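Participant: generate coordinates for the sequence data below:
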Amino acid sequence: MSIETRSPSRRVLLAAVAAAPAVGLLVPDAASASEVGLPAYLPVPAGSAGPPLNADGYYVGKIKGDLHWVTDGFYQAMFLSTRDGVVLVDAPPTIGGNLQRAIDSVTLPAGRPSRVTHLVYSHSHADHIGAASLFGRKVERIAHAETRQLLREAGDPNRPLPTTTFEDRFVLRVGGEQLVLSYHGPNHSPDNILIHAPAQSTLMAVDVLYPGWVPFKNLGVSQDIAGWKRMHDVIMSEPWTTFVGGHLGRLGTRADGQVQRHYVADLERSVRETLRTLDPTPFFDEYGPQGNGWAIFKGYLNEAATQAARPVIDKYAGKLGAVDVFTPDNAFAMLEYLRIDVGLLGPFAVRP
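Facilitator: Below is the predicted model:
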């Protein structure tokens, strides 16, 4: 059986996503996957799935009071309705125009303004704010100072520069509501911030915690693993009951945060043990005579990541979504962090 090579249009893809039940979309058909040579993965736990999407391919739900969230099953945004306008946090391009539709569906029946007057950037990455330009030039855009610098260097018209920046903490007050923005150092990115809605007991932090799921590939493709790990503790020290993580289809709880902290700790322990015990001799014997130093490293590092991932996959199978999809990649990222940043060089330590 051959794979169709034509690229479906965005409209066709969105229609398919909207038509599929949320759980059915997330649980792969192993037989169908094997027919086309694609890998088959473990079923996604029911608790990892979010609510079903509407016919337009999104879900909008109330968190508390006038605070709402929007998801397309892959990305998330949050918005606060006020008497003076709407404060939107992030503008993921995959949700795109559905952001305003979601806002309209909440504000118009309530007789409140539906125009986005303020747009908060959680950080500079295009997959989370790449639809910012949809809201025009008059919107006030708030972000960390480093975000402005990163966006200036990127020169992306879809991500207009912030109009208001801050260094450590910024309290945004609009129409009787408020959000507290805070910066705790580099983590997933150099500029990633926390967005706290104290009246609604809600915290948004993007690309750190993934409620119901393992972190995305390579520990969320984080640029500072030490800072990313530390951010878990910062998040859990904040007062909140509802968590918006920026990805996938459901909100998070404090229990989700504890589960991910345990997952990361278990992964680190397993990687440390693998660095201590894995014998590199077979890789030197195979590739050394060829003079292929990169093959030695690749063989050892890939085997180390695979070996370290196994017990973690076994422990969290049925508890976290995609545990078998990204845990080997996460183990690789942890391995390189421990080798290069922490200094656990394993068999590549100082020669006696």
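Participant: now the helices for the stretch 51-200 of the chain?
Facilitator: 98-107, 126-129, 145-154 (DSSP state H, counting those that start in this stretch).
Participant: any idea which of the ones you listed gets closest to residue 175?
Facilitator: Closest approach to residue 175 among the helices of the stretch 51-200 of the chain (CB to CB): helix 98-107, 11.7 Å. C-beta here means a position set from N, CA and C on the backbone, and glycine is covered the same way.
Participant: packing partners of the closest one?
Facilitator: Judged by 3 or more CB pairs under 8 Å, 6 or more residues apart in numbering; DSSP states H and E, helix 98-107 is in contact with strand 59-64, strand 67-71, strand 76-82, strand 85-89.
Participant: before we move on, the earlier item: need the helices of the stretch 51-200 of the chain in a markdown table (columns: mean pLDDT, mean neighbour count and distance to residue 278).
Facilitator: As requested, the helices of the stretch 51-200 of the chain are exported to a markdown table (pLDDT from 0 to 100; neighbours: other CB atoms under 10 Å; distance: least, CB to CB, whole Å):
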| stretch | mean pLDDT | mean neighbour count | distance to residue 278 |
| --- | --- | --- | --- |
| helix 98-107 | 98 | 20 | 47 |
| helix 126-129 | 98 | 22 | 34 |
| helix 145-154 | 98 | 17 | 38 |
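Participant: in TSV: these, plus distance to residue 48.
Facilitator: Shown next, in TSV, are the helices of the stretch 51-200 of the chain (distance: least, CB to CB, whole Å):
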stretch	distance to residue 48
helix 98-107	22
helix 126-129	20
helix 145-154	30
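Participant: out of the ones you listed, flag the one nearest residue 207.
Facilitator: When the helices of the stretch 51-200 of the chain are compared (using CB to CB), the closest one is helix 126-129, at 7.8 Å.
Participant: pretty sure residue 278 contacts residue 304?
Facilitator: Yes: using CB atoms under 8 Å, residue 278 is in contact with residue 304, at 5.3 Å.
Participant: what is in contact with the two at once?
Facilitator: residue 346 (CB atoms under 8 Å, 6 or more residues apart in numbering).
Participant: higher neighbour count, these two?
Facilitator: Using other CB atoms under 10 Å, the more surrounded residue of residue 278 and residue 304 is residue 304, with 22 against 18.
Participant: can you confirm that one is in a helix?
Facilitator: Yes: counting by DSSP: H, G, I helix; E, B strand; the rest coil, residue 304 is located in a helix.
Participant: give me the pLDDT for it.
Facilitator: pLDDT recorded at residue 304 is 97.
Participant: got the helices and strands packed on helix 98-107 as TSV, with mean neighbour count columns?
Facilitator: Listed next are the helices and strands packed on helix 98-107 as TSV, based on neighbours: other CB atoms under 10 Å:
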stretch	mean neighbour count
strand 59-64	17
strand 67-71	24
strand 76-82	25
strand 85-89	26
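Participant: is it possible to export the ones you listed to CSV including distance to residue 348 and mean pLDDT?
Facilitator: As requested, the helices and strands packed on helix 98-107 are exported to CSV (distance: least, CB to CB, whole Å; pLDDT from 0 to 100):
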stretch, distance to residue 348, mean pLDDT
strand 59-64, 48, 98
strand 67-71, 43, 98
strand 76-82, 40, 98
strand 85-89, 43, 98
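Participant: could you pull out the strands in the stretch 151-300 of the chain for me?
Facilitator: Using DSSP state E, counting those that start in this stretch, the strands of the stretch 151-300 of the chain run over residues 164-166, 169-174, 177-183, 193-197, 202-205, 242-244.
Participant: out of those strands, which gets nearest to residue 229?
Facilitator: strand 202-205 (13.5 Å).
Participant: direction included, what does the closest one pair up with?
Facilitator: strand 193-197 (antiparallel), strand 242-244 (parallel) (DSSP bridges).
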